[in-house]
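Enquirer: sequence-free structure coming up:
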DNA sequence: TTTGATATGTTATAATATATCAATACGGAG
DNA sequence: CTCCGTATTGATATATTATAACATATCAAA
């Protein structure tokens, strides 16, 4: 599954995600313009978080004369429409893997290789939501992020310790 | 209880927290220096998140010639030792209300009045941790934040809508 | 085909955070 | 006590992240 740390067919994973976004945009009359599309492709091309300035650098390398607002506007669009998420802990962005409308995404972020996995089970997110609502708090947005070491970087650390 | 949105004896709440931190520092030979102490007091003086530059402004108003590193160093100390937390969603800091050593704090942040409450029940945090560990991810730090409207700002919104 | 709304281009700047290095203060060993 | 190593502070500069503002261009509906 594409949302974990496991290997998968990434080409397919990108294609599927793009198709889904295109469909959604068509249905909702959202304009998936050139810069928005390209930024989404860049995000999809890695299961890594990219900073806005990483994206700008990529665009520049492709010949765009891209100033900061270009990246931030595209990212705002993608985030607002649920095609990407911002990882607050690292000021970076990832493509959304989960097509559900109102999911409460949560992430595991590797501090070593920057890999990002979207957690599968929403149970803890729902529990948080329920706890907040029990306290009379009306949730509009949740930020659920874990930072640490992904499986392969744990192995790597163990290697070097020997 | 001091960690919710309810009214409470705030003077007492500050005093208790300061005493606890002082005790902890004495036991662990940590140096609660002038700037660290003052920054903690500023954080405790509100159940609100303060940005580093808010703190710098306060210090300046009190006659300190405080440059950014002063605030960031004090905040680093407080966060590292568990006396304060950073709210990643809003790039701001709150005093820690929960004296437990290894708690996994989670927060509710009002987007309207900036009030912050630390959630009481760690159940969702533990569930998240368990889910991550089940995926082979080794957690070092969690960021659990909900943004929305606190009870009193919900009422305020309803008033103005009439 | 005008119009209104949405998106882009461009410049500038705001807001948040850290690097660096010299000077000082602190606390334990002798 | 005084020396020494470490932790902390002072001060300047700069890096990183993000937005304001406004002119121009594009789209799609009347």
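Expert: Cool, got the structure. It should be emphasised that the depicted structure is a prediction, and the values quoted were computed from it without experimental measurement.
Enquirer: Give me the buried positions along the helix or strand where residue A:155 lies.
Expert: Using DSSP states H and E, residue A:155 sits within helix A:151-161. Buried positions in helix A:151-161, judged by neighbour count with 16 or more other CB atoms under 10 Å in any protein chain shown: A:151, A:153, A:154. Where C-beta positions appear, they are placed from N, C-alpha and C, glycine not excepted.
Enquirer: which residues does the last one contact?
Expert: Right, the one you point to is residue A:154. B:136, B:138 (CB atoms under 8 Å, 6 or more residues apart in numbering or on different chains).
Enquirer: same thing but at 6 Å, please
Expert: Contact analysis of residue A:154 by CB atoms under 6 Å, 6 or more residues apart in numbering or on different chains lists residue B:138.
Enquirer: Name the SS class of residue A:32, please.
Expert: Here residue A:32 is recorded as coil under DSSP: H, G, I helix; E, B strand; the rest coil.
Enquirer: Which residue comes closest to it once chain neighbours are left out?
Expert: residue A:25 (4.5 Å; CB to CB, 6 or more residues apart in numbering or on different chains).
Enquirer: roughly how far apart are the one you found and residue A:31?
Expert: Distance, residue A:25 to residue A:31, by CB to CB, to the nearest Å: 7 Å.
Enquirer: With residue A:125 instead?
Expert: Noted for residue A:125: a distance of 30 Å to residue A:31, by CB to CB.
Enquirer: same check, this time on residue A:17
Expert: Distance of residue A:17 to residue A:31, given as CB to CB: 18 Å.
Enquirer: max-length strand in chain A?
Expert: strand A:138-149 (DSSP state E).
Enquirer: who's in contact with it?
Expert: A:88-89, A:104, A:106-109, A:111-112, A:125, A:129, A:132, B:89, B:132, B:137-149, B:154.
Enquirer: hmm, stretch A:99-110 in reach of chain B?
Expert: Yes - applying CB under 6 Å from any CB of the partner chain, one finds stretch A:99-110 touching chain B at residue A:108.
Enquirer: Do any residues in that stretch lie close to DNA strand D?
Expert: No - Stretch A:99-110 lies out of reach of DNA strand D by CB under 7 Å from any atom of the strand, never closer than 13.3 Å.
Enquirer: mind listing what's buried in that stretch?
Expert: Quick answer for stretch A:99-110 (16+ other CB under 10 Å): A:104, A:105, A:106, A:107, A:108, A:109, A:110.
Enquirer: Which residue, other than its chain neighbours, is closest to the last one?
Expert: Counting by CB to CB, 6+ apart, residue A:150 is the residue found nearest to residue A:110 once chain neighbours are left out, at 3.8 Å.
Enquirer: which element is the residue nearest to residue A:32 on?
Expert: helix A:10-28.
Enquirer: Buried residues in that helix, which are they?
Expert: By 16+ other CB under 10 Å, the buried positions in helix A:10-28 come out as A:13, A:14, A:17, A:18, A:21, A:24, A:25.
Enquirer: who's in contact with it?
Expert: The contact list for helix A:10-28, computed with CB under 6 Å, 6+ apart, reads A:2, A:32, A:44, A:83, A:99.
Enquirer: hmm, back to that, would you check the buried residues of stretch A:99-110 and say which has the weakest pLDDT?
Expert: Ranked by pLDDT, the buried residues of stretch A:99-110 bottom out at residue A:104 (89).
Enquirer: Can you get me a residue count around residue A:93?
Expert: Neighbours of residue A:93 under the rule other CB atoms under 10 Å in any protein chain shown: 26.
Enquirer: these two touch, right, it and residue A:83?
Expert: No - at 10.2 Å, residue A:93 does not count as touching residue A:83 under the criterion of CB atoms under 6 Å.
Enquirer: can you pull the contacts of the residue nearest to the spatial centre of chain A?
Expert: What sits nearest the mean C-alpha location of chain A, by CA atoms, centre = their mean, is residue A:94, with 2.1 Å. Residue A:94 makes contacts with A:49, A:85, A:116, as judged by CB under 6 Å, 6+ apart.
Enquirer: distance of the last one from residue B:137?
Expert: Distance of residue A:116 to residue B:137, given as CB to CB: 11 Å.
Enquirer: And residue A:95, by the same measure?
Expert: Residue A:95 is 19 Å from residue B:137, by CB to CB.
Enquirer: what number of residues lie near residue A:135?
Expert: Residue A:135: 19 neighbours (other CB under 10 Å).
Enquirer: excluding its backbone neighbours, what's nearest it?
Expert: residue B:4 (6.1 Å).
Enquirer: how big is the angle separating the helix or strand of chain A with the lowest mean pLDDT from strand B:138-149?
Expert: One helix or strand of chain A scores below all others by mean pLDDT, DSSP states H and E: helix A:151-161, with a mean of 81. Computed with axes from the mean of the first three to the mean of the last three CA atoms, to 10 degrees, the direction of helix A:151-161 lies at 140 degrees from that of strand B:138-149.
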